[in-house]
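J.: sharing a sequence plus its predicted fold:
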Amino acid sequence: MGGTGFISRRLVDLLIKDGADVTIATSGRTANPYGDAVEEVKVNRFDRISLDENLNSPPFFD
């Protein structure tokens with residue numbers, strides 16, 4: 001879970017520079033600093049149904 005935190009921000013930057021298709025799962029509390037460079041999925045990590053609905057539906061992650 002993440003994409004805008006301390007470690008994940010650096011990883012996402014590297015993945016974007018490498019040309020990867022990147023999807024971040026966030027709570028939405030922090031603004032998405034990447035704009036259209038990533039797909040953002042907002043989830044509540046404390047809500048199992050929210051996690052299942054948002055992370056187990058297409059597009060599937062590999």
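T.: Here it is on my side, so go on.

J.: report the longest helix in this protein, please.
T.: Secondary structure assigned by DSSP state H gives helix 6-17 as the longest helix of the chain.

J.: list the buried residues for that helix?
T.: Using 16 or more other CB atoms under 10 Å as the burial criterion, the residues of helix 6-17 that qualify are Arg9, Val12. (Each C-beta comes from the backbone N, C-alpha and C, glycine too.)

J.: now that helix: average pLDDT?
T.: For helix 6-17, the mean pLDDT works out to 89.

J.: give the next helix or strand downstream of that helix.
T.: Next along the chain after helix 6-17, taking DSSP states H and E as the criterion, comes strand 23-26.

J.: helices or strands up against that following strand?
T.: Packing partners of strand 23-26 (3 or more CB pairs under 8 Å, 6 or more residues apart in numbering; DSSP states H and E): strand 39-42.

J.: adjacent strands (with direction) for the strand it packs on?
T.: Here strand 39-42 is paired, per DSSP bridges, with strand 23-26 (parallel).

J.: report the buried residues of the partner strand.
T.: Ile24, Ala25, Thr26.

J.: and which of the residues you listed is nearest Arg9?
T.: Set against Arg9, the nearest of the buried residues of strand 23-26 by CB to CB is Ile24 (9.5 Å).

J.: isn't that closest one right next to Ala37, touching?
T.: No. The criterion here is CB atoms under 8 Å, and Ile24 misses it with Ala37 at 10.2 Å.

J.: counting neighbours, what do you get for Glu20?
T.: No Glu there; residue 20 is Ala. Other residues near Ala20 come to 11 when the count uses other CB atoms under 10 Å.

J.: what's the answer for the one 10 residues further on, then?
T.: The burial count assigned to Thr30 is 12, neighbours taken as other CB under 10 Å.

J.: gap between it and Asp13?
T.: Applying CB to CB, to the nearest Å, the value for Thr30 to Asp13 is 15 Å.

J.: pick out the residue nearest the middle of this protein.
T.: Nearest to the mean C-alpha position of the chain, counting by CA atoms, centre = their mean, stands Ile24 at 0.9 Å.

J.: tell me the bridge partners for that one.
T.: Here Ile24, judged by DSSP bridges, has bridge partners Glu40.
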